[in-house]
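Colleague: I'd like to go over a predicted model; first the sequence, then the structure.
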Protein chains: 6
Amino acid sequence: MDDHPPNLPWYQPIGDEVQVFEAAWAARLPVLLKGPTGCGKTRFIEHMAARVRAAGGGTGVPLVTVSCHEDLTANDLVGRHLLLHDRTVWTDGPLTRAVRSGAICYLDEIVEARRDTTVVLHSLADHRRVLPLEKTGELLQAAPDFLLVVSYNPGYQTLLKDLKPSTRQRFVSLAFDHPPPALEARIVVHESGIDATQADRLTDIAQRLRALQAQGVGDGVSTRALVHAAQLMRQGIAPRRACTVALADALGDDPALAQAARELIDVLLP
Amino acid sequence: MDDHPPNLPWYQPIGDEVQVFEAAWAARLPVLLKGPTGCGKTRFIEHMAARVRAAGGGTGVPLVTVSCHEDLTANDLVGRHLLLHDRTVWTDGPLTRAVRSGAICYLDEIVEARRDTTVVLHSLADHRRVLPLEKTGELLQAAPDFLLVVSYNPGYQTLLKDLKPSTRQRFVSLAFDHPPPALEARIVVHESGIDATQADRLTDIAQRLRALQAQGVGDGVSTRALVHAAQLMRQGIAPRRACTVALADALGDDPALAQAARELIDVLLP
Amino acid sequence: MDDHPPNLPWYQPIGDEVQVFEAAWAARLPVLLKGPTGCGKTRFIEHMAARVRAAGGGTGVPLVTVSCHEDLTANDLVGRHLLLHDRTVWTDGPLTRAVRSGAICYLDEIVEARRDTTVVLHSLADHRRVLPLEKTGELLQAAPDFLLVVSYNPGYQTLLKDLKPSTRQRFVSLAFDHPPPALEARIVVHESGIDATQADRLTDIAQRLRALQAQGVGDGVSTRALVHAAQLMRQGIAPRRACTVALADALGDDPALAQAARELIDVLLP
Amino acid sequence: MDDHPPNLPWYQPIGDEVQVFEAAWAARLPVLLKGPTGCGKTRFIEHMAARVRAAGGGTGVPLVTVSCHEDLTANDLVGRHLLLHDRTVWTDGPLTRAVRSGAICYLDEIVEARRDTTVVLHSLADHRRVLPLEKTGELLQAAPDFLLVVSYNPGYQTLLKDLKPSTRQRFVSLAFDHPPPALEARIVVHESGIDATQADRLTDIAQRLRALQAQGVGDGVSTRALVHAAQLMRQGIAPRRACTVALADALGDDPALAQAARELIDVLLP
Amino acid sequence: MDDHPPNLPWYQPIGDEVQVFEAAWAARLPVLLKGPTGCGKTRFIEHMAARVRAAGGGTGVPLVTVSCHEDLTANDLVGRHLLLHDRTVWTDGPLTRAVRSGAICYLDEIVEARRDTTVVLHSLADHRRVLPLEKTGELLQAAPDFLLVVSYNPGYQTLLKDLKPSTRQRFVSLAFDHPPPALEARIVVHESGIDATQADRLTDIAQRLRALQAQGVGDGVSTRALVHAAQLMRQGIAPRRACTVALADALGDDPALAQAARELIDVLLP
Amino acid sequence: MDDHPPNLPWYQPIGDEVQVFEAAWAARLPVLLKGPTGCGKTRFIEHMAARVRAAGGGTGVPLVTVSCHEDLTANDLVGRHLLLHDRTVWTDGPLTRAVRSGAICYLDEIVEARRDTTVVLHSLADHRRVLPLEKTGELLQAAPDFLLVVSYNPGYQTLLKDLKPSTRQRFVSLAFDHPPPALEARIVVHESGIDATQADRLTDIAQRLRALQAQGVGDGVSTRALVHAAQLMRQGIAPRRACTVALADALGDDPALAQAARELIDVLLP
């Protein structure tokens, strides 16, 4: 935490992800972040957007984030004609704004989007770096500081919801996972303000809950949920109860799993 | 009932749900209420919205309730452009109104909503507390008194209709269930005005109907249905008949179950 | 028939359905009518709407009927913006008209409607009695004489088309079935003008056709179809032929069933 | 053919269908015509519409025909708002025109329509005889000469495409089939102008092709196709070839069936 | 080729299809052309439209062609209201233009169209020859030179995509297939300009490739593809290579079939 | 590389694809490019569009590229009416622009498009070379320099997503595959600027990863991904790490395959 660059959104690196991202940025190669929910992908991209060197020489480029979902159409990303007074005017979507102005466009959980959403990215994610605006006839060349970054969670991937090889092979892949215990405890302390001893105990519980879950479905307890438990403790909720409502009951609806999680919490916490 | 705060919508607490909610409110952590139909989730959130301390120091914040369903789109929540006179004007949806003005936004039966509805909540339900209005290009920072609360009924959960882990892990979970008999009888007396003896007898029937149903599908007789039976009795309908039309026939269409329920009612009631 | 209240739409009661409905009305509890097609549910609600005591002290409240189907949306019920001259104006749907003015809103065959249609009823069918008009931002409190009544036919119920427990438990349930022979004959006489002997013979045929069908699918011959046969006989069609075209051929397309029905008619009728 | 009423569209009766329809018309009972394609249902209803006695005392009422299909919505039948100059105006659909003005509304192949189309008929097809125009708030009482007539082909009926019992039991059913040979030959002569000997030979072929097909799917050779073959013969095409292109090749794409049909034609025709 | 009528689009007859079509035209009977892709159905109808005798006495009638697909709606065929300046104006679709002005309307690959598209044809394809324009209330009587012609490819027919019997029996059927070798070689010479020896060799290859494919799916090498190979040879591509890219690789993606096709080409060609 | 035509987009030919394309161009025969993702199909068509001789005698014709996806409709390709000021104006889509002005229209991944998209191509891809604009009634004859080129990836082809024979047989087929090692290394050197020794090593890894994958699904490592690894190495990322993030992790989410790929990279690279 000592060596964290000042004036940047706080992020705790786990490996060489900062260096690989900077190399991909330098070559303007699209990047895919993959990993479970709540492990820090969003904070990482906020950090990197503020950190990279812009084409103009300054530090940091704007970040445009889009949460993907199954009703997100290519038009939502690219833009559409809107009726204004007595005529229709073209309005750029978030992707087009990023392409035109030079920004990192971060598409969170890309596999949730409809297929047409991913296809529109193809010409932006290879040597062409262009976005055809078919509705207006414009062929938009990306600004120098445009970069496409997408995330996805391999745990949700199904045959129906997967990246096509022609999409995936356009991206450099960065794999994320839950941080090792010592780093995770630092994150919990930083985010919630509880003391290190309590944070270590929470991290220990997270490790064991993840082991409990390893055979089943789902992503395992997230660092974000751990921070939630710590925040409830700061508000005076007893540790056992805080972990039950923030961790155990957030695992899903399998009664046997929930019961095992509660017993584990009872054993480990006062 | 004696210690109920005056001037608040009536609610009979079952456990420490009021205290945990107040802690989550203090840290502005999103809350998920789970439990069967008719067990008091709606009354609880009405009570809490009137009870919490607002950022400005006063008591109570506005409550915006949305009943979710499979045709509810993200646009329904966020807002849309409407044609007015000779131009289109942006109109905030209920979620945006709550985010902008500072209110508790309560999404009832969240799993019934389409997936795109839940994804739009992600950036409001983590450290960012922002709502991107993609249609207008606005990035709306939530007002201090905004809080997201959702409910869902684990009994309906299916593989197709479940919360994604990336959604669920953003929420502190509060589990509700049918109240214990003594508390349920207090509720029936308060809501219908029948006497305590009759209420105890209805509560006893509810207990047994829930046991009868425990192997099957469905949620069990709700406290709400019990109040209905009591209200019919107040209008002069015989107890047996009131319980048949309000409880037994509301269990579903399984003829064997309905018959068993009617026989049980005949044995227990005059 | 002697004791039928004058000046009301004619209805032949079968049991205590009039009294239970009046009690539910007094407490303004929503009512669910269930039973097979053509057994009199529509006539019953027409009768009750004209019979109940209005909040203002008079007799009878308006009735708004909506036939549900799988394309009926919540907007169809609640209302929508229509373009008028140079601006859009809000237009109440039938449900909103009933809520605003105080009327019985009767949703016929509710399970045929889309799920979003039933969810919009929830806040009208519990202690809140409100209808949120999300499109206009209005939260409409129901007028004193508003009551929600729905019907459905258990014979059509499937896993895909069923009432959710959270919907069903909001309603008092009144079960209907084919009337007993003596009452059914009175209905046939009243509706068609044939004599009592002929009506008894038709009622006898209906009983036997229902027995024939009891193993199969479908609802059994309805009282409405029986009245049709009687009306054809009044126009000079021979009883055998009238029963064939109004009863036997209306049972469905199973050739064996149709043949058995015709033979039965030939045996019983001249 | 001798006793055919003058000045009416030509129709060759097969049984008592004219008398039963007149009785149903007198009582204004809705009628369902069922039978295979090309057997004369359309000509029958054209004939009856011109034949029945109108309420005003004259002969004949207008006929409004709608061919149903799976994209036909209730709005297509009932009407919709159209933008005209600077405002929207309501435009009656074909059903509403028939209800308002007093006409026979004939819905051809009703089971092909979407379910919402059939539900809109319910209040027109029972004692109420009303059509609620939900979009305008009008409750339209049917004119005295309105009658609803629907047709369907039992051969297409599937579990997915069937009349609901609550729809079917509202109709008097008239079953049609291919005419007996002597009557069918009269029809062929009347429609094509070939001589009676040729017509008998064609009718004979039709009988045998229908026997050939009786085990399989489909409706059997229609009278309409027989008339086509006769018309080609009138244009100089050899009988064998005319029957092949109008009858054998119209049976479907089963090569064995087509081959058997051609051989049969070769044996029977010069 | 010698006896080809001058001034008409070139077409090589295979059998009596020209005479049967002329007889159907004379009686204005709708025609169905069935056969594999690329066998000349489109050229045939272009030829016939220019050849038939118009009602006014001249030669040839206009041809309106529509390629059917699964998103083609009845409105696309019939027409719709378009907004023009300050009002909506009705615009005829291609079918309505043909009906109104008197033209052959050719619906290519009719089974690909949505069902509602075929239903709209029914009243045009029987004795009525009318097209109801439900949107405008007009009942359009077909002009004397209107004729409906449809094509379809039996090889694609599936249970989901088939002509309904009530549609099919309205049409006279003309079956097409690949031409016999001598005629096919004449077509290839005429279309590409290669010499007869080369054309014979290509026709020979086509025969063998069709035999190879006879067990599998697909339509077999089309005459159109054969012309493509000949055109590439005229541009200097070696025969083996021309046949590989125009014939073998166009058979589909089965590697074993492609390999067998290439080996066959290598054996037969220099 | 020595003989590459100057002033053209760089492309490394693998076989005779340039010559076959030029012959197809001369006869204006539509071309289908098939092969795996990232093997150079897009660069090839960019190269050919700049290389072919235009009808007017100059070199090169415009290229219009459309990435197909399952929501791409025929209207997106052909054009639509847009509201402008007080009237609707027709706006050509990209296909219509290419047809009207004379350009190569390249439809990338054609099988991803909806069926109606491919049907609209039929009359452009045979002797007619016309595009009917049904919405405007215009029948557009293609300009002399119009050519239709489509690509697709046989690896994705499924029963649901396949070219119809009637579409496929209209095209001359050019098959692409990964280049042989020596040519692939030349491409990597040209695109990334790494030295030949490093490029050879990367090519070697690609060969082995493709062999590893040959039993499984997917397309194998693309030349594009190889260039990405080389670009990361140029930015200072160690070869092992560059190959892991650009090649191994881009293969998909099969953990066993990813592990084998990483081990192979560890063995082959320093």
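Modeller: That came in fine, so what should we check first?
Colleague: quick check: mean pLDDT of the longest helix along chain A?
Modeller: Counting by DSSP state H, the longest helix found in chain A is helix A:196-213. Average pLDDT, helix A:196-213: 91.
Colleague: distance between that helix and the chain's centre?
Modeller: Centre-to-centre, helix A:196-213 and its host chain are 22 Å apart (CA atoms, centre = their mean, to the nearest Å).
Colleague: run through who's touching it.
Modeller: A:178, A:181, A:184-186, A:188-189, A:192, A:194, A:220-221, A:223, A:226, A:229-230, A:233, A:239, A:243, A:247-248, A:251, A:257, A:260-261, A:264-265, A:268-269 (CB atoms under 8 Å, 6 or more residues apart in numbering or on different chains). Quick note: C-beta positions are derived from backbone N, CA and C, even for glycine.
Colleague: so how do I select the buried members of those residues in ChimeraX?
Modeller: Applied in ChimeraX, the following selects the buried portion of the contacts of helix A:196-213 according to 16 or more other CB atoms under 10 Å in any protein chain shown:
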select /A:178,184,185,186,188,189,192,194,220,221,223,226,229,230,233,239,243,247,248,251,257,260,261,264,265,269
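Colleague: and the strands in the stretch 101-250 of chain A?
Modeller: A:104-108, A:130-133, A:138-141, A:147-152, A:172-175 (DSSP state E, counting those that start in this stretch).
Colleague: how about low-confidence regions in the stretch 151-270 of chain A?
Modeller: Residue ranges of the stretch 151-270 of chain A with pLDDT under 70: A:155-161, A:214-218.
Colleague: A:E112 touches A:T118, doesn't it?
Modeller: No - contact between A:E112 and A:T118 fails when scored by CB atoms under 8 Å: they sit 10.6 Å apart.
Colleague: if we can go back for a sec, CA atoms of the longest helix of chain A as PDB?
Modeller: Extracted as PDB, the C-alpha positions of helix A:196-213 are listed here (Å, rounded to 0.1, in the frame of the first residue of the first chain):
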ATOM      1  CA  ALA A 196      -6.100  -5.700  11.100                       C
ATOM      2  CA  THR A 197      -6.900  -8.500  13.500                       C
ATOM      3  CA  GLN A 198     -10.600  -8.400  12.700                       C
ATOM      4  CA  ALA A 199      -9.700  -8.200   8.900                       C
ATOM      5  CA  ASP A 200      -7.500 -11.300   9.200                       C
ATOM      6  CA  ARG A 201     -10.300 -13.200  10.900                       C
ATOM      7  CA  LEU A 202     -12.700 -12.200   8.100                       C
ATOM      8  CA  THR A 203     -10.200 -13.200   5.500                       C
ATOM      9  CA  ASP A 204      -9.800 -16.500   7.200                       C
ATOM     10  CA  ILE A 205     -13.600 -17.100   7.100                       C
ATOM     11  CA  ALA A 206     -13.600 -16.200   3.400                       C
ATOM     12  CA  GLN A 207     -10.900 -18.700   2.600                       C
ATOM     13  CA  ARG A 208     -12.900 -21.500   4.400                       C
ATOM     14  CA  LEU A 209     -16.200 -20.500   2.800                       C
ATOM     15  CA  ARG A 210     -14.600 -20.600  -0.600                       C
ATOM     16  CA  ALA A 211     -13.300 -24.100   0.100                       C
ATOM     17  CA  LEU A 212     -16.800 -25.200   1.300                       C
ATOM     18  CA  GLN A 213     -18.200 -23.900  -2.000                       C
END
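Colleague: and that helix, which residues are buried?
Modeller: A:198-203, A:205-209, A:212-213.
Colleague: A:D200 and chain E, how far apart?
Modeller: 58 Å (CB to the nearest CB, to the nearest Å).
Colleague: roughly how far apart are the closest residue to A:R51 other than its chain neighbours and chain C?
Modeller: Of all residues beyond its chain neighbours, the one nearest A:R51 is A:L8 (5.7 Å), with distances taken as CB to CB, 6 or more residues apart in numbering or on different chains. Between A:L8 and chain C the computed distance is 41 Å (CB to the nearest CB).
Colleague: swap in A:T96?
Modeller: 29 Å.
Colleague: could you do A:L232 as well?
Modeller: For A:L232, the distance to chain C - CB to the nearest CB - is 29 Å.
Colleague: same question for A:Q213.
Modeller: 30 Å.
Colleague: likewise for A:K34?
Modeller: Counting by CB to the nearest CB - A:K34 and chain C are separated by 35 Å.
Colleague: and what of A:A182?
Modeller: Counting by CB to the nearest CB - A:A182 and chain C are separated by 47 Å.
Colleague: which helix or strand contains A:T91?
Modeller: Element membership of A:T91, judged by DSSP states H and E, is strand A:87-92.
Colleague: is that strand anywhere near chain E?
Modeller: No - if you take CB under 8 Å from any CB of the partner chain as the test, strand A:87-92 misses chain E, and the best it gets is 11.9 Å.
Colleague: find the nearest non-adjacent residue to A:T37, please.
Modeller: Here the nearest residue to A:T37 in space, its sequence neighbours aside, is B:S166; by CB to CB, 6+ apart that works out to 3.7 Å.
Colleague: these two touch, right, that neighbour and A:N153?
Modeller: Yes - counting by CB under 8 Å, B:S166 touches A:N153, with 6.6 Å between them.
Colleague: shared neighbours, those two?
Modeller: A:37, A:109, A:219.
Colleague: JSON lines for those, including neighbour count and distance to C:V89?
Modeller: As requested, the shared contacts of B:S166 and A:N153 are exported to JSON lines (neighbours: other CB atoms under 10 Å in any protein chain shown; distance: CB to CB, whole Å):
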{"residue": "A:T37", "neighbour count": "24", "distance to C:V89": "45"}
{"residue": "A:E109", "neighbour count": "22", "distance to C:V89": "40"}
{"residue": "A:D219", "neighbour count": "23", "distance to C:V89": "49"}
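Colleague: and which of those is nearest chain E?
Modeller: A:E109 (29.6 Å; CB to the nearest CB).
Colleague: now do the contacts for the closest one.
Modeller: A:67-69, A:151-153, A:156, B:119, B:166.
Colleague: first to last residue in stretch A:135-147, what's the distance?
Modeller: End-to-end distance for stretch A:135-147, by CA to CA, to the nearest Å: 23 Å.
Colleague: now find how far off-centre it is within its chain.
Modeller: With CA atoms, centre = their mean, you get 25 Å for stretch A:135-147.
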